[in-house]
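Chemist: coords please:
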Amino acid sequence: MRRLDKLYLGTNTKMYKTIADTCAFLSRLEELTEDIPKEELELFVIPSYTALDAAVRTVKDSKIKIGSQNMGWEDEGQFTGEISPVMLNEIGVDLVMIGHSERRHVMGETDQEEERKAAKALGSGFTALLCIGETLEEKNYGISDEVLRTQLKIGLHSIDGAQARKLWVAYEPVWAIGVNGIPADEHYADEKHWVIKKTLCELFGDETGSDIPVLYGGSVNPGNAELLIRMPNIDGLFIGRSAWEADHFNQIIRAVMPIWKEG
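Modeler: Residues are numbered from 1 along each chain as shown. Next comes the predicted model:
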């Protein structure tokens with residue numbers, strides 16, 4: 001698999017940070033990273049719903065892409081509590097995250113629901129970040145590869161090759177996420193990224209499949225970020241709490257960028 005032209009680094013702030021916190025974080029992050037060319041780094045932040053409008057306005061005309069943590073699969077309707085693509089388009093959101101581990105395993109979303117959301121997000125012009133990953137039980141049974149391939153094949157069943165050009169994938173092993181998460185060994189992570197990339201090439205052809213960024217997320221921290229980014233099949237990092245302070249995030253960015261450039 002070939003190395004992509006740019007590095008992908010981002011964070012999802014989950015149900016943390018107020019609107020004021022989010023704007024302060026983004027302003028500082030923008031200041032710290034303004035010297036990095038967009039051609040080299042795709043930088044993104046996915047804040048809470050209430051902060052989205054202010055977040056978009058805070059980084060207007062900057063290189064930081066703002067994403068939504070979830071999205072409904074209809075433009076409108078009787079879906080109390082959901083947010084439609086029309087609403088997200090209205091405030092200028094670029095990216096939609098789909099199928100995060102907590103949406104699947106806490107909120108009970110299925111692969112079929114992720115398929116509907118992925119199709120709607122890409123059909124509405126967003127970049128879609130599909131999150132996939134196996135549980136510890138599935139890992140212990142030795143079926144991680146089958147689980148990842150199933151999540152991809154169902155979640156992307158309605159996607160064609162043209163739409164896949166705006167698709168990103170995040171590999172987030174469920175057992176590696178959160179306060180008590182155990183980071184995956186970089187070689188294990190790279191092996192799973194290879195499985196993901198191979199499956200994407202099966203679905204969309206080698207040319208398109210090879211161009212889809214696959215990011216590792218799961219207790220990424222300053223101690224393992226450099227090890228992970230050295231792996232040939234890891235195109236970027238989807239960082240949790242280690243990136244929730246702009247200066248800390250910038251430290252990780254500065255540590256991994258030279259490694260990325262070395263190839």
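Chemist: drop to CA atoms for contacts and neighbour counts, all remaining ones
Modeler: Will do.
Chemist: ok, which stretches of the stretch 51-200 of the chain are strands?
Modeler: 64-68, 95-98, 127-132, 167-171 (DSSP state E, counting those that start in this stretch).
Chemist: redo those strands as a markdown table? Include mean pLDDT.
Modeler: As requested, those are exported to a markdown table (pLDDT from 0 to 100):
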| stretch | mean pLDDT |
| --- | --- |
| strand 64-68 | 97 |
| strand 95-98 | 98 |
| strand 127-132 | 98 |
| strand 167-171 | 98 |
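Chemist: could you redo those strands as JSON lines and give each row mean neighbour count and distance to E191?
Modeler: Listed next are the strands of the stretch 51-200 of the chain as JSON lines, based on neighbours: other Cα atoms under 10 Å; distance: least, Cα to Cα, whole Å:
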{"stretch": "strand 64-68", "mean neighbour count": "24", "distance to E191": "28"}
{"stretch": "strand 95-98", "mean neighbour count": "26", "distance to E191": "23"}
{"stretch": "strand 127-132", "mean neighbour count": "25", "distance to E191": "15"}
{"stretch": "strand 167-171", "mean neighbour count": "24", "distance to E191": "11"}
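Chemist: closest to R149 out of those strands?
Modeler: Among the strands of the stretch 51-200 of the chain, the nearest to R149 by Cα to Cα is strand 127-132 (9.3 Å).
Chemist: buried sites along stretch 41-50?
Modeler: 41-49 (16 or more other Cα atoms under 10 Å).
Chemist: out of these, which are inside strands?
Modeler: By the criterion of DSSP state E, membership of the buried residues of stretch 41-50 in strands covers 41-46.
Chemist: per-residue pLDDT, S62?
Modeler: Note for S62: predicted pLDDT of 86.
Chemist: isn't it right up against L29?
Modeler: No. Counting by Cα atoms under 8 Å, S62 sits too far from L29 to count as a contact (10.6 Å).
Chemist: neighbour count winner among these two?
Modeler: L29 (20 against 13; other Cα atoms under 10 Å).
Chemist: now W73, nearest residue through space, not along the chain?
Modeler: In this structure, W73 finds its nearest non-sequential neighbour in K117, 4.9 Å apart by Cα to Cα, 6 or more residues apart in numbering.
Chemist: and the one you found, how far from Y49?
Modeler: Using Cα to Cα, to the nearest Å, K117 is found at 17 Å from Y49.
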